[in-house]
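S.K.: Predicted model, plus sequence, below.
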Number of protein chains: 2
Amino acid sequence: MTFRTDIEIARAAQKQPIQKIGARLGIPAEDLIPYGHDKAKVSQTFIRGLEGRPEGKLILVTAINPTPAGEGKTTTTVGLGDGLNRIGKRAVICIREASLGPNFGMKGGAAGGGLSQVVPMEDMNLHFTGDFHAITSAHNLLSAMIDNHIYWGNDLGLDARRITWRRVMDMNDRALRDIVVNLGGVANGFPRETGFDITVASEIMAILCLSEDLADLEWRLGNIVVGYRRDRSPVFCRDLKADGAMAVLLKDAMQPNLVQTIENNPAFVHGGPFANIAHGCNSVIATRTALRLADYVVTEAGFGADLGAEKFFDIKCRKAGLKPSAAVVVATIRALKMNGGVAKADLGQEDVAAVKRGCPNLGRHIANVKGFGVPVVVAINHFAGDTEAEIAAVRAYVAAQGAEAILCRHWAEGSAGIEDLAHRVVQLAETPSMFAPLYPDDMPLFEKMETVARRIYHAHEVIADHVIRDQLRAWEAAGYGTLPVCIAKTQYSFTTDPAILGAPEGHAVPVREVRLSAGAGFVVAICGEIRTMPGLPRTPAAEVIRLNDQGLIEGLF
Amino acid sequence: MTFRTDIEIARAAQKQPIQKIGARLGIPAEDLIPYGHDKAKVSQTFIRGLEGRPEGKLILVTAINPTPAGEGKTTTTVGLGDGLNRIGKRAVICIREASLGPNFGMKGGAAGGGLSQVVPMEDMNLHFTGDFHAITSAHNLLSAMIDNHIYWGNDLGLDARRITWRRVMDMNDRALRDIVVNLGGVANGFPRETGFDITVASEIMAILCLSEDLADLEWRLGNIVVGYRRDRSPVFCRDLKADGAMAVLLKDAMQPNLVQTIENNPAFVHGGPFANIAHGCNSVIATRTALRLADYVVTEAGFGADLGAEKFFDIKCRKAGLKPSAAVVVATIRALKMNGGVAKADLGQEDVAAVKRGCPNLGRHIANVKGFGVPVVVAINHFAGDTEAEIAAVRAYVAAQGAEAILCRHWAEGSAGIEDLAHRVVQLAETPSMFAPLYPDDMPLFEKMETVARRIYHAHEVIADHVIRDQLRAWEAAGYGTLPVCIAKTQYSFTTDPAILGAPEGHAVPVREVRLSAGAGFVVAICGEIRTMPGLPRTPAAEVIRLNDQGLIEGLF
């Protein structure tokens, strides 16, 4: 077979009309709101009509800590969905939408790879169905109403120094990280410092992804804390009367997007919150809709299992009452080698010892996921250079952890290459789910952070100065103590130092800052340097992105 | 008949599937890219296939200077389109898209009114097909690449004080008018002053609306001047290699949007440039596509004829080689009364003398449009309180100007109420168009401004200090001397003072600033205070906009 790039494969896909994909799930054409011929939103009416239907089994795809070698989590999610359909199960894939801005920096596409892709890939990496633009608009409407309120007299008594609500843009633009607004004199307002985050970091993104329906969305929007008065009392979005208009802007964005895989199986692609300052998985409404339409729903969580799976379980599943039936931990020989100390340039050479040295990272994730009461299988996402001995080493290691590692060739072979994993997942999901979140709702916030740090990261302690501890106690007193915590730290390590790979023990987790996402419903603990507005590299990908003579996009992937 | 609001009428419309509307124009379903069931973009392929087809007749709807009484230009544009279809002509309407941001301030919808509306009204006033979001993204990508270029060493030698390219957002947000960016230290860049405009004020909006096709779009994007070096030499978008990626972001936005009127007649709604710092009419590609699909195309230009029609003729028609066959000047008895000195509160009382005093404003516009060689008819957009005597006064006045005033009841009656106007327009359009722009391409830029000011505004002189005159000469030396001029002044008066109504003579037009829109292809002369970023009022409309229990939008219109 001649080597084809992801985009060549995606473009060669024989897509079916989206109405045909929807029909297989029992969605009538009038309840599919088309965006082009290959994308559609599912109507609110149809979704409401599904209430009370029995739900299928939820399968989480997660991974070891990411390395520059890549692990292929989305590719495996898509592959497993295709694989389950291939073995005769009715399966739907649920993944996140891609952020537009980073495409112009250096990020490639985010729709899987090889023969395990969701299409139309170009649209998904550009404007798609406009959801992120709607979130940007809703976010910035609230921002404009805050400054407008102060401009006209500030009846609510907002302390301009304590406004926590910033603005957002779906663009990598470091120039906007820290800015001064309202300059230019009387007609423009009272100067103050603020900044922009990238849209995926907006609390509205997290809210949209955790809301059950439009009414719940509007209620959560109203709960957003936009800032504080001099006496530290919070000012809510509801106080500014912005919640209704924001819900109007988000009305269409709340409807899940249906697309298809290269093998014409259904995929919901909806929502895309950051996996550090937010919970990093697709919308509750997409997952729940899929569960009511299919026997199996395959979904993924951002980053490695320490961040992604933990938040999926402790935030999304806890809040939405979801009970995952099984989890797949994706690993690659290459990434395990990097965890074992091999440099990226040397990954081409067989190194069984390095694979073995890297395996404890995988082992930690297996144990962590099991700790939530969810049965686990490991998917080895096959790369051409992997050797038999390396694969055997992983199999043996995983077996010793009481799990099974299955070699998957979906990237090269599509669903035919992942049948074994599909069968094993079905088997694991047969047993009733014993899922339980890591900590109870009523545990104090700081203890929740300690619990995640100790149980998941194997840290010795969580460090936070008294200002942070006081802030947490103040939020507890204000009624936010029952919220789950969302830890924002590097995705590359169990520690807060991206350079420490493998399975470190006994480190400290310093909490630099805490933030209340009162609308989304969690408290964020920022550990280490977390950027919520990326910058462009010296030579941005944008410089080579263009339309060619056939009107096709070049350079985007 | 019980009184119904615009939105009630729009919601009660019996819409046809957009494929059926397209089919009437000969557009096959596969060339309609649906956005929902009632909106679609026309494919580039189909549009390319129309090249060389004979073109229908182009009818411009313009108006007297706007007053708070309203004149109903869009309503009349839609009504006339319906009316032409009613009398058996194949007619298409071409209007602008609405800006999202101002809806949350105090502006109502922009899709016509009464029985002369384009639907779906809600979508058109919200995200519609995402065109404006795409323009926002493309604009801000260039902004990010400018600051990123400086951050990484500024090889192009941009003078940070002379960067003219700002950022945009589709929101009324005065806090962003004047800002300082790149604060926060080494990782964020070199602090500098800049600001945001509203998206409709983006040069990219003007470019999109003047481009013939995607290749022309990319070429124009490359021509954008983003700023200057210390030696005053320009730096182009092309120098930053941003043009290709921007064209990719705008690929879908370049395709015209097809919707329908309440009477199920086709309407293209595409593009929406400001009518002050830009030319204020829908896209060339929509107009041209419509002309190749229909016998009559009814379009409108922003504001009164002094700004809107002049720019339509001198910028859009000149550049695109369009030859308008007739023009309709819309007036209302109420607006003429205001021009005659009556306060808004007193408009309910008959005042024939005031109508007569206001008529010279209408007369000036009639003469101006005739001056372009385009035959004119006046549409009196009927309001319930208009009296026979008032209407007779207008008829008599217009007859004395060598034109005809026709009473139109399309708001209340739909196409049945505008048949007379439709017949008259057909009659006027029978004669071959004698259209010619006001000034030749090779006239010096300042003389072009003087020509518009004297011939259209009846001003005595144009005032500009030597800095501005030097700048114009510098642009002429750089090859921009053949561009048309785009005068940005108040829409409420022939002068630069919004309080002076009627038909003033002999005033001065002070040019405060000139701007080069090298991509769009015109030189902007800013006369008086022109805001390119609106603010929200004390009580923004957003406060009452919400979804009701039926999921319908309240408060938006």
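M.R.: Structure received. Numbering: from 1, shown residues only, chains lettered A, B, ... in the order given.

S.K.: what's the closest non-adjacent residue to A:Glu212?
M.R.: Leaving out its chain neighbours, the residue that sits closest to A:Glu212 by Cβ to Cβ, 6 or more residues apart in numbering or on different chains is A:Val284, at 6.4 Å. (Glycine included, C-beta is placed from N, CA and C.)

S.K.: and the gap between that neighbour and A:Ala245?
M.R.: 23 Å (Cβ to Cβ, to the nearest Å).

S.K.: For the stretch 301-450 of chain A, just list every one of the strands.
M.R.: Ranges of strands in the stretch 301-450 of chain A, per DSSP state E, counting those that start in this stretch, are A:324-331, A:376-381, A:405-408.

S.K.: Residues touching the second one, excluding its own?
M.R.: Residues lying outside strand A:376-381 but in contact with it, judged by Cβ atoms under 8 Å, 6 or more residues apart in numbering or on different chains, are A:61, A:71-72, A:75-76, A:80, A:326-333, A:362, A:366, A:369-370, A:386, A:391, A:394, A:398, A:403-408, A:410-411, A:418, A:421, A:424-425, A:428.

S.K.: Give me the angle between it and strand A:324-331.
M.R.: Put simply, strand A:376-381 runs at 40 degrees to strand A:324-331, going by axes from the mean of the first three to the mean of the last three Cα atoms, to 10 degrees.

S.K.: quick one, domains of chain A?
M.R.: Per the TED database, the structural domains of chain A span A:6-129+A:253-430, A:131-250, A:445-527.

S.K.: what about stretch A:192-200, start to end distance?
M.R.: Terminal residues of stretch A:192-200 are spaced 24 Å apart (Cα to Cα, to the nearest Å).

S.K.: could you list every residue that touches A:Pro266?
M.R.: Neighbour list for A:Pro266: A:Ile21, A:Gly22, A:Arg24, A:Leu25, A:Val92, A:Ile93, A:Leu258, A:Val259, A:Gln260, A:Ala294 [criterion: Cβ under 8 Å, 6+ apart].

S.K.: Just the pLDDT at the third one, thanks.
M.R.: On the pLDDT scale, A:Arg24 is placed at 96.

S.K.: Could you check how far it is from A:Ala294?
M.R.: Distance from A:Arg24 to A:Ala294, by Cβ to Cβ: 10 Å.

S.K.: One more: the second one?
M.R.: Counting by Cβ to Cβ, the gap from A:Gly22 to A:Ala294 is 13 Å.

S.K.: Which of the contacts of A:Pro266 has the largest number of neighbours?
M.R.: Highest neighbour count within those: A:Ile93, with 34 neighbours (other Cβ atoms under 10 Å in any protein chain shown).

S.K.: Please report phi then psi for it.
M.R.: Here is the backbone geometry of A:Ile93 (degrees, to the nearest 10): phi -100, psi 140.

S.K.: Give the bridge partners for it, please.
M.R.: A:Ile93 has these beta-bridge partners by DSSP bridges: A:Ala267, A:Val298.

S.K.: Of A:Val284 and A:Ala245, which one has the most company?
M.R.: For the pair A:Val284 and A:Ala245, the greater number of neighbours falls to A:Ala245 (28 against 24), based on other Cβ under 10 Å.

S.K.: so that one is in which element?
M.R.: If you go by DSSP states H and E, A:Ala245 is part of helix A:243-250.

S.K.: Now do that helix: distance to the chain's middle.
M.R.: Averaging C-alpha positions (Cα atoms, centre = their mean, to the nearest Å) puts helix A:243-250 23 Å from its chain's average.

S.K.: average model confidence for it?
M.R.: On average, helix A:243-250 scores 98.

S.K.: and what of stretch A:332-351?
M.R.: 94.

S.K.: same question, stretch A:534-545
M.R.: 95.

S.K.: Spatially, what comes nearest to the residue in the stretch 301-450 of chain A that chain B sits nearest to if we skip its sequence neighbours?
M.R.: The stretch 301-450 of chain A approaches chain B most closely through A:Ala320 (21.6 Å), counting by Cβ to the nearest Cβ. Distances taken as Cβ to Cβ, 6+ apart put A:Val284 closest to A:Ala320, at 4.4 Å, once the chain neighbours are dropped.

S.K.: My read is that the one you found contacts A:Cys317, right?
M.R.: No: with contact defined as Cβ atoms under 8 Å, A:Val284 does not count as touching A:Cys317 (9.6 Å).

S.K.: Show me where the stretch 1-150 of chain A dips below the pLDDT cut-off.
M.R.: Under the criterion pLDDT under 70, the flagged ranges of the stretch 1-150 of chain A are A:1-2, A:107-109.

S.K.: rewinding a little: restricted to helices, list the contacts of strand A:376-381.
M.R.: Among the contacts of strand A:376-381, the members found in helices (DSSP state H) are A:75-76, A:80, A:333, A:362, A:366, A:369-370, A:391, A:394, A:398, A:410-411, A:421, A:424-425, A:428.

S.K.: For ChimeraX, write a command that selects the buried ones of the residues you listed.
M.R.: Per 16 or more other Cβ atoms under 10 Å in any protein chain shown, the buried members of these correspond to this ChimeraX selection:
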select /A:75,76,80,333,362,366,369,370,391,394,398,410,411,421,424,425,428
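
S.K.: buried residues in stretch A:375-385?
M.R.: Going by neighbour count (16+ other Cβ under 10 Å), the buried part of stretch A:375-385 is A:Pro375, A:Val376, A:Val377, A:Val378, A:Ala379, A:Ile380, A:Asn381, A:His382, A:Phe383.

S.K.: okay, the residues you listed in a markdown table with pLDDT next?
M.R.: Below are the buried residues of stretch A:375-385 laid out as a markdown table (pLDDT from 0 to 100):
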| residue | pLDDT |
| --- | --- |
| A:Pro375 | 97 |
| A:Val376 | 97 |
| A:Val377 | 98 |
| A:Val378 | 98 |
| A:Ala379 | 98 |
| A:Ile380 | 98 |
| A:Asn381 | 97 |
| A:His382 | 96 |
| A:Phe383 | 94 |
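
S.K.: Can you tell me, leaving aside adjacent residues, what's nearest to the residue of the stretch 101-250 of chain A found nearest chain B?
M.R.: Proximity of the stretch 101-250 of chain A to chain B (Cβ to the nearest Cβ) peaks at A:Gly244, 2.9 Å away. Leaving aside its chain neighbours, A:Gly244 sits nearest to B:Arg546 (2.9 Å; criterion: Cβ to Cβ, 6+ apart).

S.K.: Surely that neighbour and A:Val248 touch.
M.R.: Yes: B:Arg546 lies in contact with A:Val248 (Cβ under 8 Å); the separation is 6.6 Å.

S.K.: Those two: which has the busier surroundings?
M.R.: A:Val248 (27 against 19).

S.K.: quick one on the thing from earlier: please convert the strands of the stretch 301-450 of chain A to JSON lines, extending it with distance to B:Leu115.
M.R.: Shown next, in JSON lines, are those (distance: least, Cβ to Cβ, whole Å):
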{"stretch": "strand A:324-331", "distance to B:Leu115": "55"}
{"stretch": "strand A:376-381", "distance to B:Leu115": "61"}
{"stretch": "strand A:405-408", "distance to B:Leu115": "61"}
